[in-house]
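Enquirer: Give me the fold of what follows.
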Amino acid sequence: MARRILVVGNNCQVAVLGGCLQFLAPDAEIAAVEPANFARFDSSPERLLAMAADFDLTVSLPFEKGPLGSLTPARLRDAARILVPVPTIVFPAFHPDIVYIAHKGRQYGSPMGDYHSALIVYGVAQGFSADEIVSLFRAEVFSRIGYLDDWFGARDSLLRSARAHGCDLDRLFAGWMRRGCFMHTVNHPKLFVMEDLARMALARSGIPARSARCEDVLPDPLSNSVWPVYPEIAARYGVPGSTTFKPPRGGFDFLADAVRCLDLRAMVEGSLAHYAQTPRIAEHCDRVRGWLGKREVRETLRPKA
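Expert: Numbers count the residues shown, from 1 in each chain. As a prediction, the model looks like this:
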């Protein structure tokens, strides 16, 4: 009889983890449940609890009561036959310029989907030209606003949150760093990271995994959007850097992906076009509001001729 594995969580990493588990344990039956597909399971916490009690393994990413109805991590843990906690991977050190901007429950968009550049938003708030905004992307600015000093805080936060969820990531994290930049964005890890989490879950539950690597066979679904590691930040951490952005688009089309990539100036110009419809967008960005309110930061964030 095929093993059955339930994956539960509250973000886009759930489906990718489920896919990795399916590849590594090809004879298993995988059910991956997140808010986006909760209705397919009749939006029923009781059904999920019954599945957890019946399935051979439940893999749980962090979630809170609400997105999955009355289901809570504690109820899932109590019901599951075997439960393995897996952390959500969030690591902003490579991409400290990324911010989300929302107002009244609605996410504002940019050429990079829901991701925004805080420096570009600041430039918009100050009425800078495209050339002036591009000039903000330099080592002096990055150093003064903390973009070169986020490594240890990001590492400690990730490892601490993983431990709080019942998972020790220290060994895996060290391996990821040997691969260079292991994130596409602040919350989109590369496929080998998700595979390592899947292998860990299978090993902890005694389910054998095939030896083939996911990245050698499968496309990386979280590479739909790719934010660059700015060269000055990359030099700090010893990884390759660039200023080329890959905006999101559904599906996998290699030629289309190549065409739609943006250099920094195109990203700035595209953002200016987006923000022309929401000229007061900086008011809804906490980081930019903080910069605008500090004279010493304003003195740093000046365009360079």
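Enquirer: element containing the residue positioned nearest the centre of the chain?
Expert: The centroid of the chain falls nearest to N187 when counting by Cα atoms, centre = their mean (1.2 Å). In the assignment (DSSP states H and E), N187 maps to no helix and no strand.
Enquirer: show me the contacts for it.
Expert: Contact analysis of N187 by Cβ atoms under 8 Å, 6 or more residues apart in numbering lists 11-13, 88-90. The C-beta positions use only the backbone N, C-alpha and C, and glycine is treated the same way.
Enquirer: any idea of the pLDDT on it?
Expert: Note on N187: pLDDT of 97.
Enquirer: Kindly report the same for the one 10 residues further on.
Expert: L197 carries a pLDDT value of 98.
Enquirer: For the residue nearest to it when sequence neighbours are not counted, grab phi and psi.
Expert: Nearest non-adjacent residue to L197, counting by Cβ to Cβ, 6 or more residues apart in numbering: V86, 5.0 Å away. Here is the backbone geometry of V86 (degrees, to the nearest 10): phi -130, psi 130.
Enquirer: For the chain, which segments count as strands?
Expert: Assigned by DSSP state E, the chain shows strands spanning 4-8, 29-33, 57-60, 83-85, 98-99, 102-103, 106-107, 116-117.
Enquirer: can I get those in CSV with mean pLDDT?
Expert: Converted to CSV, the strands of the chain look like this (pLDDT from 0 to 100):
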stretch, mean pLDDT
strand 4-8, 98
strand 29-33, 96
strand 57-60, 98
strand 83-85, 97
strand 98-99, 98
strand 102-103, 88
strand 106-107, 88
strand 116-117, 98
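Enquirer: would a markdown table of the ones you listed with distance to D253 and mean neighbour count be doable?
Expert: Shown next, in a markdown table, are the strands of the chain (distance: least, Cβ to Cβ, whole Å; neighbours: other Cβ atoms under 10 Å):
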| stretch | distance to D253 | mean neighbour count |
| --- | --- | --- |
| strand 4-8 | 27 | 24 |
| strand 29-33 | 24 | 19 |
| strand 57-60 | 31 | 26 |
| strand 83-85 | 35 | 20 |
| strand 98-99 | 24 | 18 |
| strand 102-103 | 29 | 12 |
| strand 106-107 | 25 | 11 |
| strand 116-117 | 25 | 26 |
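Enquirer: Specify the stretch among these that is closest to A234.
Expert: Proximity to A234 (Cβ to Cβ) singles out strand 98-99 among these, at 15.2 Å.
Enquirer: So what touches the closest one?
Expert: Against strand 98-99 from outside (Cβ under 8 Å, 6+ apart): 92, 115-118, 121, 185-186, 227, 285, 287-288.
Enquirer: Please flag which of those sit within helices.
Expert: 118, 121, 287-288 (DSSP state H).
Enquirer: The residues you listed: which two are farthest apart?
Expert: The most widely separated members of those, counting by Cβ to Cβ, are V121 and R287 (8.3 Å).
Enquirer: Show me which of these two is the more surrounded one.
Expert: The residue with more neighbours, out of V121 and R287, is V121; 26 against 18, by other Cβ atoms under 10 Å.
Enquirer: wouldn't the more buried one be in contact with L272 here?
Expert: No. Using Cβ atoms under 8 Å, V121 is not in contact with L272; the gap is 10.5 Å.
Enquirer: Give the rounded mean pLDDT of stretch 211-226.
Expert: pLDDT averaged over stretch 211-226 gives 95.
Enquirer: got the contact list for that stretch?
Expert: 12-13, 15-16, 19-20, 23-24, 112-113, 115, 184-185, 188-192, 194-195, 198, 245-250, 252.
Enquirer: Mind checking which of the residues you listed are buried?
Expert: By neighbour count, with 16 or more other Cβ atoms under 10 Å, the contacts of stretch 211-226 hold 12-13, 15-16, 19-20, 23-24, 112, 115, 184-185, 188-192, 194-195, 198, 245-247 as buried.
Enquirer: List phi and psi for the closest residue in space to P45 that isn't next to it in sequence.
Expert: Leaving aside its sequence neighbours, P45 sits nearest to L71 (Cβ to Cβ, 6+ apart; 3.8 Å). Main-chain torsions, L71, degrees, to the nearest 10: phi -70, psi 140.
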